[in-house]
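In: coords please:
(one chain, ligands or ions: 1)
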Amino acid sequence: MNKVILYCRPGFEKECASEITEKAGALEIYGFVRVKDNSGYVIFECYQHEEADRLIRELPFSDLIFARQMLLTGELLRDLPMDDRITPIVGMLTGAVKGAGDLRVEVPDTNESKELMKFCRKFTVPLRGALRAQKILAVREEPFRPVIHVFFIAPGCCYVGYSYSNNNSPFYMGIPRLKFPSEAPSRSTLKLEEAFHVFIPRDEWDERLGSGMYAVDLGACPGGWTYQLVQRSMMVHAVDNGTMAESLMATGQVIHHREDGFRFEPPRNNVYWLVCDMVEKPARVAQLAADWVVKGWCREAIINLKLPMKKRYEEVSQNLALLRDALKENDIHSEVHAKQLYHDREEVTVHIRRFWSAVPGRRDER
Ligand SMILES: C[S@@+](CC[C@H](N)C(=O)[O-])C[C@H]1O[C@@H](n2cnc3c(N)ncnc32)[C@H](O)[C@@H]1O
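Out: Numbering: from 1, shown residues only. Alright, predicted model coming up:
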């Protein structure tokens, strides 16, 4: 197996391809990318066979912005016989994987693949049985073992491979399944909820997304993101000239400031979260978030960078570099991750976490 498949949002294959080429190159792993526009995936073929396994172990999945999943695979299996699709798939995995912890039969996230997905669901059951019989798959689900992926790109045509459970997306097709809460004022509420799932480990939610925390939401209206914070029993300063949903104001947990988000200063010094969904130039938003973190105005931030321009990978890379440089220049101990979430369209979401150290000259609470 010498190929790495990356799932991505259809339309972002070029960004995903540029990113994997650059980041594999930084590990001195070289190869070429196969890109088909709007296919929802990219294939990076390594020149050296054994390098592909090293790539999926050593390139942190969380460093990839445009990839929803990363797995190792071999040649495409074509024209699987209708009466026995299982034998060639088992053959491909024999000797490559033993005692895997999970099986995911998946498709690209495209409209054309929707029909194929119904087949995948049905096919999973007999395939799972066959893989268990051969001990390729463990008898029970094992969260710390490799995951087998069978990726159907057309009927009778699939890639077969695996990912490592400590360096992959834990979600089927790399997409967390979230239900839109009917009381939320806008669909973009799911963007922030997904960001929590992707950036904050579940066992840290109580500590880092806990009740009673203070948050600032810049560009808050009508309140989809504020809704998520209110749901987690936080107190929210919502900043926007627009109108906030009445239902949120009625909770008593929200103070609405009709102000410019770029000029707003936190009214208290114990704000934990900054979230920002303002439609603005990415460089301005990245700089604003850096300023907040450097000044100690928040501990963690989730910001959305809009990408209406052509060179989207370059734009994101430049802005992340700007953000990281600003934090480094000010000796801020922090981490920055970015991901194009499933609920992101022409945009990516960035998470910044500051590890606490005293901030000289912090303002007193007003
Ligand atoms: C994409 S919407 C935010 C949607 C919101 N996150 C939600 O879930 O409902 C962008 C918002 O940013 C606001 N906005 C844009 N520039 C702003 C600025 N300089 N200061 C404050 N708000 C701004 C707009 O008024 C708009 O309501």
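
In: which residue ranges of the stretch 201-350 of the chain form strands?
Out: With DSSP state E, counting those that start in this stretch, the ranges of strands along the stretch 201-350 of the chain come out as 214-218, 235-239, 254-257, 271-276, 300-306, 334-339, 347-354.

In: to Val35, which of those lies closest?
Out: Proximity to Val35, assessed across the strands of the stretch 201-350 of the chain by CB to CB, is greatest for strand 347-354 (19.0 Å). (Glycine included, C-beta is placed from N, CA and C.)

In: mind listing the helices for the stretch 1-150 of the chain?
Out: Ranges of helices in the stretch 1-150 of the chain, per DSSP state H, counting those that start in this stretch, are 13-26, 49-58, 86-93, 114-133.

In: just the C-alphas of the third one, formatted as PDB.
Out: Written as PDB, here are the backbone C-alpha positions of helix 86-93 (Å, rounded to 0.1, in the frame of the first residue of the first chain):
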ATOM      1  CA  ILE A  86     -16.100  -9.600  -0.300                       C
ATOM      2  CA  THR A  87     -13.300 -11.900  -1.400                       C
ATOM      3  CA  PRO A  88     -11.200  -9.300  -3.200                       C
ATOM      4  CA  ILE A  89     -11.600  -6.900  -0.300                       C
ATOM      5  CA  VAL A  90     -10.500  -9.500   2.200                       C
ATOM      6  CA  GLY A  91      -7.600 -10.400   0.000                       C
ATOM      7  CA  MET A  92      -6.400  -6.800  -0.100                       C
ATOM      8  CA  LEU A  93      -6.400  -6.600   3.700                       C
END
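
In: quick one, that helix and helix 114-133 angle?
Out: For helix 86-93 against helix 114-133, the angle by axes from the mean of the first three to the mean of the last three CA atoms, to 10 degrees is 70 degrees.

In: who are the packing partners of helix 86-93?
Out: The contact analysis (3 or more CB pairs under 8 Å, 6 or more residues apart in numbering; DSSP states H and E) places helix 86-93 against helix 114-133, strand 157-163.

In: okay, the ones you listed in CSV with mean neighbour count next?
Out: Shown next, in CSV, are those (neighbours: other CB atoms under 10 Å):
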stretch, mean neighbour count
helix 114-133, 14
strand 157-163, 23
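
In: redo those as CSV? Include mean pLDDT and distance to Ser317.
Out: Below are the helices and strands packed on helix 86-93 laid out as CSV (pLDDT from 0 to 100; distance: least, CB to CB, whole Å):
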stretch, mean pLDDT, distance to Ser317
helix 114-133, 96, 33
strand 157-163, 98, 24
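
In: which one of those lies nearest to Glu141?
Out: Glu141 lies closest, by CB to CB, to one member of those: helix 114-133, at 10.2 Å.

In: who are the packing partners of the closest one?
Out: If you count contacts as 3+ CB pairs under 8 Å, 6+ apart, helix 114-133 packs onto helix 86-93, strand 102-106, strand 147-154.

In: quick one, domains of the chain?
Out: 3-174, 189-355 (automatic domain parsing).

In: next, the distance between the ends of the first one.
Out: Looking at domain 3-174, the gap from its leading to its trailing residue is 18 Å under the measure CA to CA, to the nearest Å.

In: coming back round to it: for the helices and strands packed on helix 86-93, which one sits closest to the ligand?
Out: Judged by CB to the nearest ligand atom, the one of those that comes nearest to the ligand is helix 114-133, at 27.2 Å.

In: what angle do that closest one and strand 147-154 make?
Out: 140 degrees.

In: quick check: angle from helix 114-133 to strand 102-106?
Out: 150 degrees.

In: of the helices of the stretch 1-150 of the chain, which approaches Leu327 most closely?
Out: Among those, helix 13-26 sits nearest to Leu327 (CB to CB), with 20.3 Å.

In: buried ones in that closest one?
Out: For helix 13-26, the neighbour count (16 or more other CB atoms under 10 Å) marks Glu13, Lys14, Glu15, Cys16, Ala17, Ser18, Glu19, Ile20, Thr21, Lys23, Ala24 as buried.

In: and the stretch 151-300 of the chain, which residues reach the ligand?
Out: Contact residues, the stretch 151-300 of the chain versus the ligand (CB under 6 Å from any ligand atom): 185-186, 188-189, 218-225, 239-242, 260-262, 277-280.
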